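Asker: I need the structure of the sequence given here:
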Amino acid sequence: MVSRHALGRMLSFWQQASCARLARSRSIRLWESTQTCSFWRGYSSLPPHTELAMPALSPTMTQGNIAKWYVKSGDEIAAGTVLADIETDKATLAFENQEDGYIAAILKPEGSKDIPVGEPVAIVVEEQDQVAAFANYNPRDKAAAGITASASEPKQQAADASPAIGAAPAADEAQAGDGKSAGPSYPEYIPLAMPALSPTMEQGNIVSWQVREGDKVTAGTVLADIETDKATLAFENQDDGYIAKILAPAGSKDIKVGQPVAIIVENEADIPAFANYGAGDAAGDNSSQQQPKQAAEGQQDSQTAAVNSQPKQQQPLKVKANFRIGPAARKALQEAGLTPADVTPTGPNNIITKYDVLAAVQAGAKHKQQQQEAAAPAAPAADAKKTGPEKAPEPAKLAAPAEAAGQNYTDIPNSQVRKIIAKRLLESKLTAPSLYVTADVRLDKLSAMRKGLVAQGSKVSVNDFIMRAAALALRDVPDANVFWDSKQEAPMRQPSVDVCVAVATEGGLITPIVKAADTKSLLQISAEVKELASRARANKLKPQEFMGGTFSISNLGMYGLSEFSAIINPPQAAILAIGGSQKQVTLDEHGSPVSHSVMTVSLTADHRVYDGALATELLDGFKGYMEEPLKLVM
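Answerer: Numbers count the residues shown, from 1 in each chain. Coordinates of the predicted model:
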């Protein structure tokens, strides 16, 4: 028997596949909350409900503390509602809800510490009148009820049920065992799933495996290098065992989070049993497999014939509960007669929300069964007209693609990073109304100061001055140090000035963060940017080092560009594009020509956050620091 504490720690590491295996061994049905799993035991005295589990808010998080609850029992919540502040191993982060409903019970009060990932912390129901049923709710009582029921049912059935009725529980028991990892053909094992190595990761590529089949692994062993939507990160093992089978070889691309990629066993002697194990077997572990019911076959055949002789009536499709569907979305699917395959999910980790179902209904989505039944009435009439033998249909002729003479090309595979860049920047252009402000900055004093610092052994670049000047300008204009919250549709002011700098790598563009840049000296910023850029090009950045930030800087002046406009990186609200330095001749106060070094900078800002006055104030502050560089070293 696996303890609840151990089970909670393992949920975030083994992901959905292993989560399902461990849960079924305790007769638990699973539901997925944000980046984790929730438990649902049969408890007949309670209305349908969802248990919200402690989420994994960082890739290394195994437990968390509840710093503060923002909701209480009875409160109505919606997708995007901040439920609580969770103290993780990295920082204190917001725990956001993903479905509509009502808070029925808070299981872990404010101040609770060391709660394992996956352990229930609250109860959510769909209807407000269901809240009262959880007034005295206790998870221990619920677990005890589940154990009592499972222990007493066989005795009751043996005493009262007839042999004909006894076949039904046998079938139900077979269905309850669906998806067990330890089937009759294989020893007990754990499928390792593609991990979510960043909060926005939906799929990943396996760059290389660091282990082979038969290797012994322990907690902390690096299993593979995974290319995510941000960088290439290490996939670490969390338990002891042996690699029995690798299901996704090196080079496999676009593997969904949660999809099995390898098999691990506890005993080395079990490895040969998986020699012919394939990805299809792993998928079959989670599918339903109904056992034949010999005693009821004759009765079923007669019932089938009677049903077929009667006119067909449209029956509402029953949606099978799974960890990708919340209660509100499941109810909407049933009412619309759709299945999860008919809906495009938009929630975190491909969770189907109620709004996804409503959008599919508005788009005219129909289930395949409904489409086939709509076309069925035309078939009998067509059959009645047939008087001769049916001719086999001729295969369709495919038109050969026209090849233009002289057009030779090479297909270049798109990296995961570039796919995400394209997706995010397209989202920015479609959703963020951009405001553009441009200014010329004189660099004469800054160039003289830089030469003096270099002569003293302090190697600082113009980009270091730019980072420092932007950070101080954001500090002076706090209304500009914000990002746009698309869920609340409002700007959110940030307490820390975290400036991102764009770094070009072989896989694509990445933006490491200099955190609290306004509090760091010019030399500190210079050293940190060099170190971050070096690790970015080597794909060695940690997720917290490139995810977030409140402002970005893109410097293409080194490539000879005089000026350009950059695209905002959502949810940030602005980005500063830096052009190259050029010589310009102007007239001084006496009318004499004077040469100056001038750099053109362009600010792209989200007009939902910035207006013209705010953008101008920020750019003027930046220009002032750049043209009076003594302020940058004071």
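Asker: Spit out the contact partners of Leu532.
Answerer: Taking C-beta atoms under 8 Å, 6 or more residues apart in numbering, we find Leu532 in contact with 501, 503, 512-514, 541, 545. Any C-beta I mention is one placed from the backbone N, CA and C, and that applies to glycine too.
Asker: Spell out which helix or strand contains the residue nearest to Asp464 when sequence neighbours are not counted, please.
Answerer: In this structure, Asp464 finds its nearest non-sequential neighbour in Ser526, 4.2 Å apart by C-beta to C-beta, 6 or more residues apart in numbering. Using DSSP states H and E, Ser526 maps to helix 522-537.
Asker: buried ones in that helix?
Answerer: Going by neighbour count (16 or more other C-beta atoms under 10 Å), the buried part of helix 522-537 is 522, 525-526, 528-529, 532-533, 535-536.
Asker: Who are the packing partners of the helix or strand following that helix?
Answerer: For helix 522-537, the following helix or strand on the C-terminal side (DSSP H and E) is strand 551-555. Secondary-structure packing of strand 551-555 (3 or more C-beta pairs under 8 Å, 6 or more residues apart in numbering; DSSP states H and E): helix 462-476, strand 499-501, strand 574-587.
Asker: Quick check: which of those has the most neighbours on average?
Answerer: Most buried of the helices and strands packed on strand 551-555, by mean neighbour count (mean count of other C-beta atoms under 10 Å): strand 499-501, with a mean of 27.
Asker: Strand partners (parallel or antiparallel) of it?
Answerer: When pairs are called by DSSP bridges, strand 499-501 turns out to pair with strand 513-514 (antiparallel), strand 551-555 (parallel).
Asker: which residues are in contact with the longest one?
Answerer: Where contact means C-beta under 8 Å, 6+ apart, the residues beyond strand 551-555 that reach it are 463, 466-467, 470, 474, 480-481, 497-502, 511, 566, 568-569, 572, 574-578.
Asker: again, only using 6 Å
Answerer: Strand 551-555 has contacts (C-beta atoms under 6 Å, 6 or more residues apart in numbering) with 463, 470, 474, 499-502, 511, 566, 569, 572, 574-578.
Asker: by how many degrees do that strand and strand 574-587 diverge?
Answerer: 50 degrees (axes from the mean of the first three to the mean of the last three C-alpha atoms, to 10 degrees).
Asker: pLDDT averaged over strand 551-555, what's the number?
Answerer: Per-residue pLDDT values over strand 551-555 give a mean of 93.
Asker: Please apply the same query to the shortest one.
Answerer: For strand 513-514, mean pLDDT is 92.
Asker: that older thread, got the helices and strands packed on strand 551-555 as a markdown table, with distance to Ser486 columns?
Answerer: What follows is the helices and strands packed on strand 551-555, written out as a markdown table (distance: least, C-beta to C-beta, whole Å):
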| stretch | distance to Ser486 |
| --- | --- |
| helix 462-476 | 21 |
| strand 499-501 | 19 |
| strand 574-587 | 16 |
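Asker: what's the closest of the ones you listed to Glu427?
Answerer: strand 574-587 (14.5 Å; C-beta to C-beta).
Asker: Quick one: low-confidence residue ranges for the stretch 51-200 of the chain.
Answerer: Applying pLDDT under 70 to the stretch 51-200 of the chain picks out residues 59-60, 89-90, 140-185, 199.
Asker: For the helix or strand Met626 falls within, C-alpha coordinates in PDB please.
Answerer: Assigned by DSSP H and E, Met626 belongs to helix 612-627. Extracted C-alpha coordinates of helix 612-627, given in PDB (Å, rounded to 0.1, in the frame of the first residue of the first chain):
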ATOM      1  CA  GLY A 612       1.200  58.500 -25.500                       C
ATOM      2  CA  ALA A 613       2.100  60.500 -22.400                       C
ATOM      3  CA  LEU A 614       3.300  57.500 -20.400                       C
ATOM      4  CA  ALA A 615       5.400  56.100 -23.300                       C
ATOM      5  CA  THR A 616       7.000  59.500 -23.800                       C
ATOM      6  CA  GLU A 617       7.700  59.900 -20.100                       C
ATOM      7  CA  LEU A 618       9.500  56.600 -20.000                       C
ATOM      8  CA  LEU A 619      11.500  57.200 -23.200                       C
ATOM      9  CA  ASP A 620      12.500  60.700 -21.900                       C
ATOM     10  CA  GLY A 621      13.700  59.200 -18.700                       C
ATOM     11  CA  PHE A 622      15.800  56.600 -20.600                       C
ATOM     12  CA  LYS A 623      17.200  59.300 -22.900                       C
ATOM     13  CA  GLY A 624      18.100  61.500 -19.900                       C
ATOM     14  CA  TYR A 625      20.200  58.700 -18.200                       C
ATOM     15  CA  MET A 626      21.900  57.800 -21.500                       C
ATOM     16  CA  GLU A 627      22.900  61.400 -22.300                       C
END
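Asker: Tyr625 versus Gln582, what's the distance?
Answerer: Per C-beta to C-beta, to the nearest Å, Gln582 is found 20 Å from Tyr625.
Asker: Could you do Met194 as well?
Answerer: 46 Å.
Asker: same thing with Ile263?
Answerer: From Ile263 over to Tyr625 (counting by C-beta to C-beta), the distance is 58 Å.
Asker: Make a markdown table out of the helices and strands packed on strand 551-555 and add mean pLDDT and distance to Thr218.
Answerer: Shown next, in a markdown table, are these (pLDDT from 0 to 100; distance: least, C-beta to C-beta, whole Å):
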| stretch | mean pLDDT | distance to Thr218 |
| --- | --- | --- |
| helix 462-476 | 94 | 42 |
| strand 499-501 | 92 | 37 |
| strand 574-587 | 89 | 44 |
